[in-house]
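**Q** Have a look; sequence and predicted model below, questions after that.
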Amino acid sequence: MKKQNITLTSIILALGCLAFLPQMQGVSPAPDGCYPGFTTAEGCSALSHLTSGAGNTGLGWFALFGTSTGNFNTGVGTGTLVTNNGDSNTATGAAALLLNTAGVENTAVGTASMVNNDAGNTNTAVGAFALTNNISGSNNTAVGDLALQNSTGDFNTALGANAGTDPNIGSNNVYVGDPGFSGDENVISIGGIAASGTPYALTFIGGIYGSEVSTGTALPVYVDTDGHLGTALVNGSAMKLRMRTPKGAQPQAKVNEFQKQQKRIAELESTVARLVATVKGQAAQIEKVSAQLELRKPVRRVVVNKQ
C-alpha cells in the first residue's frame, strides 16, 4: 500500500508539472474538454457529477456519470463506470464496469465485462461478458469471451472462451480451456472438461521427457479415469470426483447457451402470438366497420320509364 501511495503521488506531481508547460496548440480546432483536475469528458452526461476527483477520463454516454471524488478512472464506451466512485479503474466497452461503486484497480475490456462488479478489487476481465456476474470477488483474471462469467469468488484465473463458466465454482482455481466443475476449490484444470464440448485426445507438455529428478524424492505419478493426476493412491469413494460421461461432459456454458436460446424462442413465440392476436383483432374490427359502412350506403333506386 505504501508503494502504491508513492506511485500515486508521483503521478499527481508529474501531471502537475505538465500543467505548467508552455501551452502549444497542435490540433485545430482546439480540444473542447480542457477541464480542471486533469479531466477529460465527452458524451452525454459523462462525468457530470465530478467534484474533487482528478485524472478521470469519461468518453461515451453517461461514462463515469456518478464519479465525484474518484481518481484516475478511465471509461470509454456507453455506460462505462456509471455508478463508480472508486479509484484507478479502467473500462472499455459498452456497459463495462457499469455498476462498480467502490471497487478499485479493476480493468474491464469488452461489452458488459464486469458489468455487475460493485466492490471487487484488482480484477482483470478481457472479453465480452467476462466476469459479468462478479460483485465483490477480488484478484480474478478472466481472458476470453464469457470467461468466469458466473464467478463470484476470489483468485480465480480463466483463459479461453467459456473458461471457468460453471456457476458453482469457488475460489483459487485455474482454468485453461475448461469451464470448471461445481464445487471447485483450489483446482487447476487444463482442458479437463473441454470448453468447446469436444474432448481433447492428446496432451503434449515440454520439459518433462528426459528431464532429471532426484531419486531420493521422486514419486510415481498416477492418473485416474477422471483425468486427475496425483502421487498417492486412495480409495475412490474418499475423493470428490469431477464426474463426466466417457465422451466428456457438455460444458456448463453450452447448457447455459441452450437455456438462453430456449428462453429467446419462448419469448419470440409469445411475441408472435401477441402479434397474431392483434392482427386478428384488427381484422375483426375492419370487418365490423366495413359491415357498418355497407348498411349506411343509400339504397339504389331504379327508375322505370313508362311510356
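**A** Everything's here; your move.
**Q** Okay, and G58 sits in which element?
**A** Using DSSP states H and E, G58 falls within strand 57-59.
**Q** tell me the mean pLDDT over the helix or strand that that strand is followed by?
**A** Next in sequence after strand 57-59, counting helices and strands by DSSP H and E, comes strand 74-76. For strand 74-76, the mean per-residue pLDDT is 98.
**Q** thinking again about what came up before, does anything pack onto the strand holding G58? Which helices or strands?
**A** Counting contacts by 3 or more Cβ pairs under 8 Å, 6 or more residues apart in numbering; DSSP states H and E, strand 57-59 is packed against strand 40-42, strand 74-76. Every residue, glycine included, has its C-beta placed from N, CA and C.
**Q** List the buried residues in the last one.
**A** So that's strand 74-76. Neighbour-count burial for strand 74-76 flags 74-76 (criterion: 16 or more other Cβ atoms under 10 Å).
**Q** Over to the first one?
**A** With burial defined by 16+ other Cβ under 10 Å, the residues of strand 40-42 counted as buried are 40-41.
**Q** Show residues contacting that strand.
**A** Outside strand 40-42, the residues that touch it by Cβ atoms under 8 Å, 6 or more residues apart in numbering are 32-33, 35, 47, 50, 56-60, 63-64.
**Q** how deep is the residue nearest to C44 when sequence neighbours are not counted tucked in, by neighbour count?
**A** The shortest distance from C44 to any non-neighbouring residue, by Cβ to Cβ, 6 or more residues apart in numbering, is to W61 (4.9 Å). Residue neighbour count, defined by other Cβ atoms under 10 Å, stands at 16 for W61.
**Q** what's the answer for S68, then?
**A** By other Cβ under 10 Å, the residues close to S68 number 14.
**Q** Then T111?
**A** If you count neighbours by other Cβ under 10 Å, T111 ends up with 19.
**Q** In contact with it, which residues?
**A** Counting by Cβ under 8 Å, 6+ apart, the residues that T111 touches are 93-96, 128-129.
**Q** Tell me which of those residues fall in strands.
**A** If you go by DSSP state E, the contacts of T111 have nothing in strands.
**Q** which of those residues tops the neighbour count?
**A** Counting neighbours by other Cβ under 10 Å, A96 comes out on top of the contacts of T111 with 34 neighbours.
**Q** residue contacts, that one?
**A** 75, 77, 80-81, 108-115.
**Q** ok, back up a step: does the residue nearest to C44 really touch T78, like I thought?
**A** Yes. The pair W61 / T78 is scored as a contact, 4.5 Å apart, by Cβ atoms under 8 Å.
**Q** ok, of the contacts of strand 40-42, which one's closest to G103?
**A** Comparing the contacts of strand 40-42 against G103 with Cβ to Cβ picks out L64 as the nearest, at 13.6 Å.
**Q** ok, now which ones touch that closest one?
**A** Per Cβ under 8 Å, 6+ apart, neighbours of L64: 41, 46-47, 50, 56-58, 70, 73, 75, 80-82, 84.
**Q** One more pass at 7 Å, please.
**A** Applying Cβ atoms under 7 Å, 6 or more residues apart in numbering, we find L64 in contact with 46-47, 56, 58, 73, 75, 81, 84.
**Q** out of those, which are buried?
**A** Buried members of the contacts of L64, counted by 16+ other Cβ under 10 Å: 46-47, 56, 58, 73, 75, 81, 84.
**Q** Any chance of those in JSON lines with distance to T101 as columns?
**A** Below are these laid out as JSON lines (distance: Cβ to Cβ, whole Å):
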{"residue": "A46", "distance to T101": "18"}
{"residue": "L47", "distance to T101": "16"}
{"residue": "N56", "distance to T101": "15"}
{"residue": "G58", "distance to T101": "16"}
{"residue": "N73", "distance to T101": "12"}
{"residue": "G75", "distance to T101": "14"}
{"residue": "L81", "distance to T101": "10"}
{"residue": "N84", "distance to T101": "7"}
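**Q** can you list the contacts of T111 in TSV and add pLDDT and distance to V213?
**A** Below are the contacts of T111 laid out as TSV (pLDDT from 0 to 100; distance: Cβ to Cβ, whole Å):
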residue	pLDDT	distance to V213
G93	97	46
A94	95	51
A95	95	50
A96	97	46
A128	96	43
F129	96	43
